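Engineer: Give the three-dimensional model of this entry:
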Amino acid sequence: MTDFPDYLDVDYTDGEDEDPEDYPTIEDKIEKALEVVETGLREYENPAIMWTGGKDSTLTLYFVKEVVDQFDLEMPPTVFIDHYQHFDELMDFVERWADEWDLEVAYARNTDVGDYVDENGLEPGDDIPIDALSEHNQHHVRNILEYEEDTFPFLLDTYVGNHLLKTVALNDALEEYDIDGIISGIRWDEQEARADETFFSPRHDPDIYPPHDRIQPILQFMEADVWDAFWYFVVPETVAEYPDDGYVPQSLDDLPNDLTPEDIPVSPKYFEGFRSLGSEVSTGKSADEPAWLQDMENTSERGNRAQDKEDLMERLRDLGYM
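Structural biologist: I've put the predicted structure just below:
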């Protein structure tokens with residue numbers, strides 16, 4: 001891709017100065033999502049889908065599958081960032097639906113950090129010496145993050161931990177697989193740092209990341225819209241036994257036609273009351289009722305995520321975080 005992005009014909013201003021209210025109905029939001037996905041699949045030579053197993057990336061994956069089926073296009077691979085601190089249920093969910101949907105999954109891992117953790121029997125929160133890292137990782141810590149401490153904690157939701165375990169792992173995967181467009185499920189309403197994103201977002205500085213673009217089809221969805229899309233579109237259209245007109249379950253045990261949570265492409269953690277799935281050690285559930293039944297207007301979707309990373313989101317995004 002030596003001539004990237006010269007071969008592209010995408011509008012980097014698409015979505016500029018817009019917000020979810022510019023797409024007033026769920027049909028409007030879905031129409032835009034499909035349009036962005038189709039452009040991404042046709043314009044980029046080697047696109048891939050960022051799939052975390054969470055609701056937003058799974059919704060994005062659904063839209064990609066819809067466009068692929070409609071236009072008989074090639075299904076791109078998914079990239080799953082394994083940061084070593086996932087919920088077991090989420091890993092099981094990803095493996096289950098990757099098999100069900102016949103997906104190619106590339107696991108992006110910072111194995112330098114992961115191997116050190118395994119070899120030394122570390123637990124989340126334990127310190128890792130900077131000088132024990134590879135030259136590649138030390139460069140990121142010292143020269144890019146300008147971090148001066150001798151150690152950093154093995155925690156995902158911290159400045160150094162997030163960068164090494166997620167951003168470096170992602171950027172290394174982009175380079176390894178020569179990906180020019182990564183399809184990502186971020187939304188305008190999630191965080192202030194994402195509110196100004198556009199549907200096609202350039203990441204072209206080779207000093208920070210392998211040059212690529214972010215293709216972002218669901219910016220216009222709010223949290224409640226995501227769940228409406230699942231219960232009235234995604235689940236009915238992908239689960240044969242689900243009612244065609246949709247059904248909103250009230251609990252784990254409230255699924256129609258003898259279906260079980262394993263039959264539904266929705267992580268069981270959302271049924272348990274989690275609204276955002278991050279690190280197992282730093283993410284708590286928001287309430288006891290399922291995510292889609294909670295007060296989304298008056299409470300924070302990411303309120304039970306560790307705030308160190310949340311407070312540094314703008315800086316982390318400048319370095320290549322989603």
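
Engineer: Which stretches in the stretch 51-200 of the chain count as strands?
Structural biologist: Ranges of strands in the stretch 51-200 of the chain, per DSSP state E, counting those that start in this stretch, are 78-81, 105-108, 127-129, 151-153, 181-183, 200-203.

Engineer: Now for the protein, the helix or strand with the poorest mean pLDDT.
Structural biologist: helix 307-311 (a mean of 50; mean pLDDT, DSSP states H and E).

Engineer: buried stuff in stretch 13-26?
Structural biologist: Under the neighbour-count criterion of 16 or more other Cβ atoms under 10 Å, stretch 13-26 has 14-15, 18, 20, 23, 26 buried. Bear in mind the C-beta positions are built from the backbone N, C-alpha and C, glycine included.

Engineer: Also stretch 43-54?
Structural biologist: Using 16+ other Cβ under 10 Å as the test for burial, stretch 43-54 gives 43-44, 47-54.

Engineer: Disregarding residues adjacent in the polypeptide, which is nearest to residue 165?
Structural biologist: residue 83 (4.0 Å; Cβ to Cβ, 6 or more residues apart in numbering).

Engineer: and if you look at residue 281?
Structural biologist: Computed as Cβ to Cβ, 6+ apart, the closest residue to residue 281 that is not its neighbour in sequence is residue 124, at 4.4 Å.

Engineer: Save the buried residues of stretch 43-54 as JSON lines, and put in pLDDT and distance to residue 171 too.
Structural biologist: Listed next are the buried residues of stretch 43-54 as JSON lines, based on pLDDT from 0 to 100; distance: Cβ to Cβ, whole Å:
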{"residue": "43", "pLDDT": "98", "distance to residue 171": "21"}
{"residue": "44", "pLDDT": "98", "distance to residue 171": "17"}
{"residue": "47", "pLDDT": "98", "distance to residue 171": "16"}
{"residue": "48", "pLDDT": "98", "distance to residue 171": "13"}
{"residue": "49", "pLDDT": "98", "distance to residue 171": "16"}
{"residue": "50", "pLDDT": "97", "distance to residue 171": "12"}
{"residue": "51", "pLDDT": "97", "distance to residue 171": "17"}
{"residue": "52", "pLDDT": "93", "distance to residue 171": "16"}
{"residue": "53", "pLDDT": "95", "distance to residue 171": "20"}
{"residue": "54", "pLDDT": "95", "distance to residue 171": "20"}
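
Engineer: how about these, which pair is most distant?
Structural biologist: The most widely separated members of the buried residues of stretch 43-54, counting by Cβ to Cβ, are 43 and 53 (26.7 Å).

Engineer: Against residue 171, how distant is residue 127?
Structural biologist: 24 Å (Cβ to Cβ, to the nearest Å).

Engineer: okay, the two: which has more neighbours?
Structural biologist: residue 171 (21 against 12; other Cβ atoms under 10 Å).

Engineer: Pull the number of nearby residues for residue 12.
Structural biologist: Neighbours of residue 12 using other Cβ under 10 Å come to 14.

Engineer: and it, what does it touch?
Structural biologist: 198, 200-202 (Cβ atoms under 8 Å, 6 or more residues apart in numbering).

Engineer: Tabulate those (CSV), appending distance to residue 228, pLDDT and neighbour count.
Structural biologist: CSV is the format used below for those (distance: Cβ to Cβ, whole Å; pLDDT from 0 to 100; neighbours: other Cβ atoms under 10 Å):
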residue, distance to residue 228, pLDDT, neighbour count
198, 24, 97, 18
200, 25, 98, 23
201, 25, 96, 21
202, 31, 96, 14
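
Engineer: if we take those residues, which one ends up nearest to residue 155?
Structural biologist: Checking these one by one against residue 155 (Cβ to Cβ), the nearest turns out to be residue 201, at 27.7 Å.

Engineer: Quick check: the closest one touching residue 212?
Structural biologist: No - with contact defined as Cβ atoms under 8 Å, residue 201 does not count as touching residue 212 (9.9 Å).

Engineer: What residues sit buried inside stretch 80-98?
Structural biologist: 80-87, 89-90, 93-94, 97-98.

Engineer: any idea of the mean pLDDT in that stretch?
Structural biologist: Mean per-residue pLDDT for stretch 80-98: 94.

Engineer: How far does that stretch sit from its chain's centre?
Structural biologist: Stretch 80-98 sits 12 Å away from the centroid of its parent chain (Cα atoms, centre = their mean, to the nearest Å).

Engineer: Also stretch 274-286?
Structural biologist: Distance, centroid of stretch 274-286 to centroid of chain: 14 Å (Cα atoms, centre = their mean).
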